[in-house]
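1. Got a sequence here, can you build the structure:
(chains A and B)
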Amino acid sequence: MFRNYVTVAVRNLVKHRLYSAINLIGLAVGLAACILILLFVRNETTYDRFFTDAERIHQVVIRAQLPGRSPDVVASTMVPLGDAMKDAFPEVELRSSMIQQGVTVRGGDRLFSETVFAADPEFLDIFDLAFVEGDRATALRDRSGLVIREEIARKYFGDEPALGRTLTIDGQHDVRITGVMKDLPANTHLRFDILMPIDGPAVRNIEALRTQWGNISATTYVKLRPGVDLAEFNRRFADWSKTAMPEMRSPNGVIRLSDIFTPRLRPLLSINTDPLNTQMRPGTSMREIYTFSAVAVMVLAIASINFMNLATARATQRAREVSVRKVVGASRGQIVSQFVGESVLLTLIGLLLAMALVELLLPAYSAFLGKELAFDYGDPGLVGMLLGLTLIVGVAGGTYPAFFLSAFNPAAVLKGASSGVGGGSGRLRMALVIVQFAISIALMVATAVVYGQFLYAQNKDLGFDKENVVVLEGLSTRAMREKARPLAEQIAKDGRVAAVSATGITPGTFDESNTNVRMPGRDSSELLVIRSEVVDFGFFETMGMNLVAGRDFDRDRGTDIANRPEWLRPGGQRPPGTPENFEIPASVILNESAVKRLGFSSNEAALGQSYNASAGQGVSFKFTVIGVVQDFHFRSVRDPIAPAHFFVDPTQFDAVAVRIKPGDIEGALGAIDAAWRDFFPDTPTQRVFLDDRIEQLYAQERQAATMFAAFSGLAIVIACLGLFGLASFTAERRTKEIGLRKVLGAGVSDIVRLLVWQFSKPVLLANLIAWPVAWYGMSRWLESFTYRIDLNPLLFVGAGMTALAIAWITVGLHAAKVAQAKPIRALRYE
Amino acid sequence: MLKLVNLSKVYRTEEVETTALNGVNIHVRDGEFVAVMGPSGCGKSSLLNIVGMLDTPSSGEYWFDGEEVSKYSERKLADIRKRNIGFIFQSFNLIDELTVFENVELALLYHDIPARDRKERVKAALDKVKISHREGHLPQQLSGGQQQRVAIARAVVSRPKMLLADEPTGNLDSANGDEVMHMLTELNGEGTTIVMVTHSMPHAQYARRIINLFDGQVVAENLRAA
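-> Below you'll find the model as predicted:
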C-alpha cells in the first residue's frame, strides 16, 4: 500500500514537472531561508552556554539616569562595587571586576599596541576558559603574571611555547606569561586578547579607581550560589545600593550617586540577546530575533500556500485516481492520509534540496554575519526542529488539499473524462493568494522603511564632517597625553594637512565625562548634570562643526584655557592653605542642547553668562560661555544628543584629530606617522578614519537591514512563483474558454488582459490588508528611534504597485503564450 | 442479489428539482446478467450509481444481499461495496501513473491481502483477460480494447459478487466491443451477477434480461431465452 502511494506520488511529480518544480523550488527556498534564519537564531540564543554553571553567572549592569537625560542601561559598573557586593551578599560566591587599558607590549623585537583587560583572579574561576599552557586556577594569582590568547602568543613568540616568557608593558613593567588560553569560541560575548591581574604592576590608576563610585568603566561578573532567585536578589541589591553608594560632595552641591545609578544583575545567558552599550561584543536583541523568526514563518507560510493552491488546483487531474480508489474500497481516511503523506514526502524532498542550498550558502552567510554558523547534523535539537518543520509544512500544506480531494463524488468523476470537478474552490485559492501578497507587500513596505531609516541614519547631518578626518589614539599614559598638543602642532606643519586639534573626545566613542553645574542665583537643589568634554583650539574647525553663536576658543586669549594647577592633575594632592572657594576661570562653549538644559532663553542669551562646575578636590571651574556649537551626534543617531560643554584643558587630551586635504591622503598619513614616531618611538601608531568609526556604529544595523531585505525579497519571489503556477493552471483550465473567445473574435491582447485582470484583483485586495498592518507595525518600529523618517504613503503605494507589476509580468508572459495558441487546438482538447 | 423497492432519486439545486428515478422496482437474482437500456437522461446512470452504492436514493428501499442499505452511512456503504461490487466504466478510468499490473493490484490494496497472494491474484486476473504480456505498460501505451480488458481485470480481481458495467463498450469499436461482451458473458457463466447499462442493442442481447428505463421509470422488462 505504502509503496503504491509512493509510486503514484513520484510518478505524479515527474509527470507534472512544472508544478512539481514550482512546489519544490518554493518549498526548498522557503525551507532554506527558514533554516538559515533558524541557524542564526539558534546561534544567537545559545551564547555562553558552554561555561560551567553558566546559569549562575551574571553580569552587573547599571541603569544610569542622569538628570535631564533619558535613562540608559550600560554593561559597565564602578570598580568598588564588586568587592562591596561580595561583602554584603553571601549569595555571591565569586566576583570579578575588570577594566580595560590600552598599552604597548614588547616581546623581544616585536612591539604592538594592545587592549588589555585587568581582572580579579576570580575571573578565571567564574569563566572556565580552556587553557593550552599554564594553570587556569593560578594564572591570574601571580601579580606579575599575564594570560594571553593562543593567537597573541603566536604573534609574539611564533610557534615557541609562551609559558614563562616575559613581555614588557608600556616599556617599563616586565610581566611573565602564566597562561595561554585557547582562542575564544565564536559564541561567547567575551572578547579580549590579554588578561592581567587587576592589582598587577602594569595596571594604571587602580588605587584611585577602587575608590571612585562615580566612574562607570569596569565590567563586573558574579557567580551566585545555587538556588538564588534573581528577581528577589535584584530587589535587595537595588535597595542595598542606595546606601552602599556614597554621596559625592563638591562646592557645587551634593550628588547622591544612588539617585543616578541603579545596579542589577543580568544572567550571562541573556547578554547576547540583550545588547547594551559598552558590552564587549554587540549582541542581537530579542526584537531582532523575533523579527527574523517572523520573517522565516512568513516565508514558509507563502511556500505552504503555494503548495496548497497548486495541489487543489491540480485536483482535477487527481480526481479520477481518487474516485477509482474510492470505488475499489478506499475509505476517506485512507485517501486523506495518502495525500497528506504525499505532501510530507514532497516537503521532505524540499527539505533535502533546502539542506543542499543551506550548505551552499552557509559560508557566505556566515561571513556576512561575521559569525561561525554551523549546520550540525549531530545536534538533536536542530534535527528535531527540521523534522518538525517538515511535518508542520507538509501536514499544513497537505491537509486542505487532502480533504478537498477526498470529498469528490466518484460517480460524477468516473462518468465523464473531466466533468464534475471545478478544480477546487477558486474563491479560497484567491483568498490564499491575497494572504500571500498581503505578506509580500507588508514585507516590502517593512524593508523599505527599515532601509529608509538606515539610510537616513547614515546620511543624517551629524553636525560635523566625518570625511577625511584621521583620529590618532592610544595616548594612554600621562606622559603621552601631555605631548598631544605638541604632536598636533608638529603635524599641522605638513602642507597636506588642513587642520589639527588635540582633543579629549571624538565622535563615535562611548566614553563620556559628566559634571554637575551650579548656576548662580538658581535653586541648587535641582541637579544639573551635563557632559563635560575637553578640546583644544581649532577642534570645531577640524571637525567641521558649526558655531551658531559667539566665538571659538582663541589661543591668543589666556582666559580661554582652563589652567589646572599641577596638584589638580591625576595623583596630585590639594596643598594645605588653598582658599576654600578656589576657582579656576575658563571659557566654555556649549552645545545647543546644553543651552536648553541650562535654561538660557537663546543661544545669544547664553553668551557671557557664567556658572560653576567641579574640577575635583573641592575645586570649581568658573566657566564663562563664549560660544555655542551646533548640536552634533556624539554616537549613533539612535542615541539622543546629550547636553554638553567644551573647554580647553591641555592636561586631559587623549587623542589628536587631523583633517587631511583631499588629494594626497597617503602622503599625509605618512607625514602623520612620521610625526608620531618622532614623539613616541616606542609606541605603534593607532590611527583610525573617523568615517570608518562612524560606519562601525551602523554595521549591525546595515547587516540587519540587508538580511531583512534579502529574506523579504525571497518571500516575494516565492509568492510570484506560486502566482505563476496558478496562472498557468488557470490558463490551462480556461483553454476552451479562451479558444471560444478567439473564435468569436478576441485578440491576443484581449485574452492577456482577461487573465491579467483575474490576478490583479487579489493583489489589489492584498494591499488593503497589508497597508494598515504595515503602517501600524512600522510606526511602532520607528518609535524606537529618536531621529527617524516619516512614513511616506508613497512607499505603500509603491510596494502595492511593485507587487502588481510583478504579478502582471508573471501572469502576462504566460497569458500571452496561451492567447497565441490556435483556438482549434484548444477546442479539440475537450 | 438486489431488490429495489419504489426507489426514487431527486436532484435538487436551488431552483430546479430534477427527478432522475421515479418509483423504480427492480429485482436482480444471484447470477443474473441484466442490461439496462434507455435514452439519454432516462436515469440509467443514477440507477447504476445507487446500485453501486456511490450514491444514495432519495426514497424507497434498496435491499442488497438481504440487507436494506438505503440509509447506510458512506463508510458502511464503502465497506459493502469493496467486498461485493466491481465496476467497469465507459472511459476505463485507469490511473495514468500506474502500470497495468499496478492498476489491477489497486483493487486489492484496500483489502487485507498479503503481497504474495495479491501478486498471484493479479496475474490470474490478467491471464483471464489475456493481457498478461502487457502488465508492465502504462495505460496510454494500450489500445482502448486492451485498456478496457485491464479495467475488467481490476473489477474482478477482488472477486466481487456483482459487476456493474456502465456502457463498457461505448468507447470501443465493434470488434473490441464484442470481445469485452464475451468476457462479461464468461464471467457471468462463472456465477458473477452483472448489471450493465448500454446504448447498444446488439450488446444488450448478451444479457439474460433487458430493463428499459424512460424518464426515471421502468417501462419494460424483456426476459430473453438464454
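2. C-alpha only now, for contacts and for neighbours.
-> Will do.
3. ok now stretch A:180-194, how far from the chain's centre?
-> Computed by C-alpha atoms, centre = their mean, to the nearest Å, the chain-centroid distance of stretch A:180-194 equals 20 Å.
4. ditto for stretch A:748-758
-> With C-alpha atoms, centre = their mean, you get 47 Å for stretch A:748-758.
5. Can you give me the buried ones in that stretch?
-> Under the neighbour-count criterion of 16 or more other C-alpha atoms under 10 Å in any protein chain shown, stretch A:748-758 has A:748, A:750, A:751, A:752, A:753, A:755, A:756 buried.
6. Export only the CA atoms of that stretch, formatted as CSV.
-> The C-alpha coordinates for stretch A:748-758 follow below in CSV (Å, rounded to 0.1, in the frame of the first residue of the first chain):
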residue,chain,number,x,y,z
VAL,A,748,-4.3,38.2,-28.1
SER,A,749,-4.3,41.4,-26.1
ASP,A,750,-7.9,40.9,-25.0
ILE,A,751,-7.1,37.4,-23.7
VAL,A,752,-4.0,38.7,-21.9
ARG,A,753,-6.0,41.4,-20.3
LEU,A,754,-8.6,38.9,-19.2
LEU,A,755,-6.1,36.7,-17.4
VAL,A,756,-4.0,39.6,-16.1
TRP,A,757,-7.1,41.2,-14.6
GLN,A,758,-8.1,38.0,-12.9
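7. count of residues packed around residue B:26?
-> Counted by other C-alpha atoms under 10 Å in any protein chain shown, the residues lying close to residue B:26 total 16.
8. Flag every residue of chain B that's near chain A.
-> Chain B comes close to chain A at residues B:49, B:54-55, B:75, B:78-79, B:81-83, B:86-87, B:89-91, B:93-95, B:97-98, B:102, B:106-111, as judged by C-alpha under 8 Å from any C-alpha of the partner chain.
9. shaky segments in the stretch 601-750 of chain A?
-> Applying pLDDT under 70 to the stretch 601-750 of chain A flags the ranges A:736, A:740, A:743, A:745.
10. Break down it into its helices, ranges please.
-> With DSSP state H, counting those that start in this stretch as the criterion, the stretch 601-750 of chain A has helices at A:603-606, A:665-679, A:690-697, A:699-733, A:735-743, A:748-782.
11. got the contact list for residue 144?
-> No chain specified, so I'll use chain A. A:174, A:175, A:176, A:196, A:197, A:200, A:201 (C-alpha atoms under 8 Å, 6 or more residues apart in numbering or on different chains).
12. that's the other chain; I wanted chain B
-> By C-alpha under 8 Å, 6+ apart, the neighbours of residue B:144 are B:171, B:172.
13. And the pLDDT for it?
-> pLDDT recorded at residue B:144 is 88.
14. next one: the one 4 residues further on
-> Here, the pLDDT recorded for residue B:148 equals 91.
15. can you count the residues close to the residue nearest to residue B:12 when sequence neighbours are not counted?
-> Excluding its sequence neighbours, the residue lying closest to residue B:12 (C-alpha to C-alpha, 6 or more residues apart in numbering or on different chains) is residue B:18, at 6.4 Å. For residue B:18, the neighbour count with other C-alpha under 10 Å is 11.
16. what's the answer for the one 4 residues further on, then?
-> If you count neighbours by other C-alpha under 10 Å, residue B:22 ends up with 20.
17. separation between the residue nearest to it when sequence neighbours are not counted and residue A:685?
-> Spatial nearest neighbour of residue B:22, excluding adjacent residues (C-alpha to C-alpha, 6+ apart): residue B:8 at 4.6 Å. Per C-alpha to C-alpha, to the nearest Å, residue B:8 is found 102 Å from residue A:685.
18. Who has more neighbours out of those two?
-> Using other C-alpha under 10 Å, the more surrounded residue of residue B:8 and residue A:685 is residue B:8, with 23 against 19.
19. just checking, that one touches residue B:58?
-> Yes - shown here, residue B:8 and residue B:58 form a contact pair, counting by C-alpha atoms under 8 Å, at 5.6 Å.
20. residues touching residue A:672, list them.
-> Going by C-alpha under 8 Å, 6+ apart, residue A:672 touches residue A:491.
21. three-state assignment of the residue nearest to residue B:22?
-> Classification of residue B:8 using DSSP: H, G, I helix; E, B strand; the rest coil returns strand.
22. Burial check on residue 50, number of neighbours?
-> No chain in the question, so chain A it is. When counting by other C-alpha under 10 Å, one arrives at 15 neighbours for residue A:50.
23. not quite, I wanted chain B
-> So residue B:50, with other C-alpha under 10 Å, has 18 neighbours.
24. now do residue B:96
-> Applying other C-alpha under 10 Å, we find 20 other residues in the vicinity of residue B:96.
25. Helix, strand, or coil at it?
-> coil.
26. do residue A:262 as well
-> Of the three states, residue A:262 takes strand under three-state DSSP.
27. list the contacts for it?
-> With C-alpha under 8 Å, 6+ apart, residue A:262 has these contacts: A:62, A:63, A:64, A:238, A:241.
28. Hmm, the last one is touching residue A:258, no?
-> Looking back up the chat, that one is residue A:241. Yes - applying C-alpha under 8 Å, one finds residue A:241 in contact with residue A:258, separated by 6.7 Å.
29. which residue sits closest to the residue of chain A at minimum distance from chain B, ignoring its sequence neighbours?
-> Nearest residue of chain A to chain B: residue A:329, at 4.3 Å (C-alpha to the nearest C-alpha). Of all residues not flanking residue A:329 in the chain, residue B:82 sits nearest, at 4.3 Å (C-alpha to C-alpha, 6+ apart).
30. follow-up on the earlier one: now go through the residues of chain B next to chain A and say which are in strands.
-> B:86, B:87, B:89 (DSSP state E).
31. Return a ChimeraX selection command for the buried portion of the residues you listed.
-> Typed into ChimeraX, the line below selects the buried ones among those, using 16+ other C-alpha under 10 Å:
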select /B:86,87,89
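32. Centroid-nearest residue for the chain?
-> No chain in the question, so chain A it is. Residue closest to the mean C-alpha point of chain A, counted by C-alpha atoms, centre = their mean, is residue A:700 at 3.9 Å.
33. wrong one, I was asking about chain B
-> residue B:164 (1.4 Å).
34. roughly how far is the host helix or strand of that one from the heart of the chain?
-> Using DSSP states H and E, residue B:164 falls within strand B:162-166. Averaging C-alpha positions (C-alpha atoms, centre = their mean) puts strand B:162-166 2 Å from its chain's average.
35. likewise stretch A:548-559?
-> The answer for stretch A:548-559 is 41 Å, by C-alpha atoms, centre = their mean.
36. same deal with stretch A:304-323?
-> So, by C-alpha atoms, centre = their mean, the centroid of stretch A:304-323 is 44 Å from its chain's centroid.
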